[in-house]
Structure formats: C-alpha cells, structure tokens
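# sharing a model that was predicted from the sequence below.
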Amino acid sequence: MLPVIESLSRTHILSLEHRDSRPEESASRGALVLTDAEIVIAAASQEHVDRIQEQLEKEATTTRSRLESVQNRLSDETFLSKAPAAVVDKQRELAASLRDKLARLETELRDLG
C-alpha cells in the first residue's frame with residue numbers, strides 16, 4: 001500500500017504509525033486529518049503550515065456544522081419517534097464519528113498553534 005500512496009502523492013514516506021502511538025511531543029509541523037487517517041508532515045515550511053492550518057480550520061468548520069445538524073436531528077422528538085431504530089442508530093454513530101473527527105482536528109490545530 002505504501003508504494004501506491006508514495007506514487008500518488010509524489011512523496012517519500014518516512015514512517016507509518018498508528019495515530020495513538022504518535023508521541024505527544026512530536027516534531028511534526030502539520031497534519032491533515034481525514035476520516036480514517038491523519039497525514040503528518042514533519043519539518044514543513046511556514047507557508048505549508050499556514051496552508052495546512054487553513055485546511056484544518058475549514059474542515060473543522062464543516063465538521064462542526066454537520067455535527068450540529070445531526071445533533072439537532074437527534075434532539076427532535078418527532079424524528080426520534082417516527083424514524084426506524086436503524087436510522088436513529090446510524091445518526092448516533094455519525095454524531096460520534098463527527099465528534100471524534102472534530103476532536104482530532106482541534107488537537108492538530110492546537111499543535112500547529
């Protein structure tokens with residue numbers, strides 16, 4: 001899988017690690033947070049860090065908006081009483097996923113700060 005990622009991104013990957021095993025005092029200067037992955041950039045230029053920060057802020061705003069929409073739907077008694085249980089469960093899973101993504105985005109933004 002790594003050669004494919006390197007080829008598509010035209011980069012050389014120095015390491016691949018699970019995000020939970022990444023040291024807190026990481027020397028990274030930027031990261032892109034995706035749904036199922038984070039792309040961490042070590043020793044990025046300030047211009048690159050600024051672009052990453054802008055992308056992270058935009059993604060955080062979008063994620064907050066989606067989360068608010070889902071939470072509003074889940075607090076609507078009419079929706080909860082009429083929607084099938086599977087649909088309600090799916091919305092709850094989506095809300096949990098969005099909360100997790102938002103937390104990761106906010107962590108990366110703080111780390112960039």
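Arrived safely, thanks for sending. Keep in mind it's a predicted model, so treat the numbers as computed, not measured. Residues are numbered from 1 along each chain as shown.
# what about residue 71, distance to residue 88?
13 Å (C-beta to C-beta, to the nearest Å). To be clear about C-beta, it is placed using only N, CA and C from the backbone, and glycine gets the same treatment.
# same check on residue 102?
In terms of C-beta to C-beta, residue 102 sits 21 Å off from residue 88.
# please apply the same query to residue 111.
35 Å.
# repeat for residue 105
Residue 105 is 26 Å from residue 88, by C-beta to C-beta.
# same check on residue 49?
Distance from residue 49 to residue 88, by C-beta to C-beta: 41 Å.
# same deal with residue 55?
32 Å.
# can you give me phi and psi for residue 75?
Per-residue torsions, residue 75: phi -90, psi 0 (degrees, to the nearest 10).
# distance of it relative to residue 102?
For residue 75 relative to residue 102 (C-beta to C-beta), the value is 18 Å.
# can you show me the CA trace of stretch 100-113 as CSV?
Presented in CSV, the C-alpha positions along stretch 100-113 are these (Å, rounded to 0.1, in the frame of the first residue of the first chain):
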residue,chain,number,x,y,z
ASP,A,100,-14.1,12.2,17.2
LYS,A,101,-13.0,13.9,14.0
LEU,A,102,-13.6,17.3,15.4
ALA,A,103,-11.6,16.5,18.5
ARG,A,104,-8.7,15.3,16.3
LEU,A,105,-8.9,18.4,14.1
GLU,A,106,-8.9,20.7,17.2
THR,A,107,-5.9,18.8,18.6
GLU,A,108,-3.9,19.2,15.4
LEU,A,109,-4.9,22.9,15.2
ARG,A,110,-3.6,23.4,18.8
ASP,A,111,-0.4,21.6,18.0
LEU,A,112,0.2,23.8,15.0
GLY,A,113,-0.5,26.9,17.0
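# pull out the buried residues from that stretch.
The neighbour-count check on stretch 100-113 (16 or more other C-beta atoms under 10 Å) flags 101, 102, 104, 105, 108, 109, 111, 112 as buried.
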